[in-house]
Every structure is written in structure tokens, then in C-alpha cells.
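Chemist: generate coordinates for the sequence data below:
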Amino acid sequence: MRNWICVVLMGTLLTCLTGCTVAANGYVGISVDESGHLVAVLAWCGPAPDGVRLYHERATARRSSTGNPDDVYVDDARYHASTLSGQSASFRLDTPVGGWTVTPKPPSLDPAITYNAYGFTNDSTSSLRHVAFEIDDAAKVDPGQVLIQEWDEKRQQDVDVVISLAAFEQMGQDPRNCP
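Modeler: A predicted model of the protein is given here:
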């Protein structure tokens, strides 16, 4: 009987730990337009995202006793898309157009802060892998290039990588990257 209870408890724990993750079906990257303005670039397969959350970690980040991640992160803006067609999209962070709206308003980005852009669906069925960036990262890319992060096995951390827009779209739309 004791073994059965342990099996049930372990199964419940495993379900709780793995069942709360939203499947990623694409990527968010950062680029610039011809005038040097920061642009969020999205590529996906499967369901289109409903929007992009722009956020950063609090300077005095620590989880509350509830472990609530909202105590650690500050929402800077939420960009909402009208119905997206195709498998890629982009918008300027400071003045979104083309069916994109932002709430509460386009943020004034601080050069001292590392921001994260994360694609989401309203029903939390899928997401786009986030990109971390600072304002100065705009100097790393030219129009037609996209900044992303990839896991460096040797360093055991994410590292910045700049790829072409075509390679970014191909990566985001690759069925092997879809749930």
C-alpha cells in the first residue's frame, strides 16, 4: 500500500511540474528597420500568437512566499495583434502599426535594463520562445538580420546569435520545432 501511495504522489508531482509549461511553437527575435528603430520579429508554425509581452526583471527581484513570478517581473507593455495570417510578423516597439496595438502605451526603454519579449496566445495553448535584449543590441543587427539567443552547451548559458531574417523564419516555421 505504501508503494502505491508513493507512486500516486510522484505521478501527481510530475504532472504538476510538467503540465504547467506552455508549448513553444516558434520564436521572437529583435531586429531594426531601415531607420534603426527596434523591431520585434516573430516566426511560428501552428497557431499564430495573439500578442507579445515585453517585460523585465525587477532590480530587487525575489520571489514572494507564494513563489509568484509576477513578483519578479515588471510588465512594460503588451502588444496585441489583429488576426495574423501566414507564419511570420513584425512590428516596431515604439510605434506599432499594421493591426498591432499596445497597452498601456509604447514604453520608453531604459538602456540599463535587459528586456524580454515573449509571444503568447490568449488561451495559453502555445507560446513563442523569448528573446532578451538591451537597447544597445540594435547596433548588433542590420535590417534583414535578427538577434536571438541559443543555448551554448559549453558555457551552459544562452548566447546572442545574429542570423538572417530568412534563416529566422525558416527556424521558427520548422515543423520539428512545433509541438
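
Chemist: what stretches of this structure score poorly on pLDDT?
Modeler: Low-confidence regions of the chain, defined here as pLDDT under 70, cover residues 1-20, 60-71, 179.

Chemist: so which residues of it form strands?
Modeler: 24-32, 38-44, 51-57, 73-81, 88-92, 100-103, 115-120, 127-133, 145-152, 157-164 (DSSP state E).

Chemist: okay, the ones you listed in CSV with mean neighbour count next?
Modeler: C-beta coordinates here come from the backbone N, C-alpha and C atoms, glycine included. Shown next, in CSV, are the strands of the chain (neighbours: other Cβ atoms under 10 Å):
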stretch, mean neighbour count
strand 24-32, 25
strand 38-44, 24
strand 51-57, 20
strand 73-81, 17
strand 88-92, 18
strand 100-103, 16
strand 115-120, 22
strand 127-133, 22
strand 145-152, 18
strand 157-164, 14
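
Chemist: now for those strands, which one comes closest to residue 177?
Modeler: Set against residue 177 and scored by Cβ to Cβ, the strands of the chain come closest in strand 24-32, at 7.1 Å.

Chemist: which other helices and strands contact that closest one?
Modeler: strand 38-44, strand 115-120, strand 127-133, strand 145-152, helix 165-173 (3 or more Cβ pairs under 8 Å, 6 or more residues apart in numbering; DSSP states H and E).

Chemist: including distance to residue 85, could the ones you listed go into CSV?
Modeler: Converted to CSV, the helices and strands packed on strand 24-32 look like this (distance: least, Cβ to Cβ, whole Å):
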stretch, distance to residue 85
strand 38-44, 12
strand 115-120, 16
strand 127-133, 16
strand 145-152, 20
helix 165-173, 14
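
Chemist: which one of those lies nearest to residue 74?
Modeler: Among the helices and strands packed on strand 24-32, if distance is taken as Cβ to Cβ, the winner is strand 115-120, at 9.9 Å.

Chemist: contact partners of the closest one?
Modeler: The contact list for strand 115-120, computed with Cβ atoms under 8 Å, 6 or more residues apart in numbering, reads 22, 26-28, 30, 40, 42, 44, 49-56, 76, 109, 127-134.

Chemist: so which of the strands of the chain gets nearest residue 172?
Modeler: Checking these against residue 172 by Cβ to Cβ gives strand 38-44 as the closest, at 2.5 Å.

Chemist: other SSEs contacting the closest one?
Modeler: Taking 3+ Cβ pairs under 8 Å, 6+ apart as the contact definition, the neighbouring helices and strands of strand 38-44 are strand 24-32, strand 51-57, strand 88-92, strand 115-120, strand 127-133, helix 165-173.
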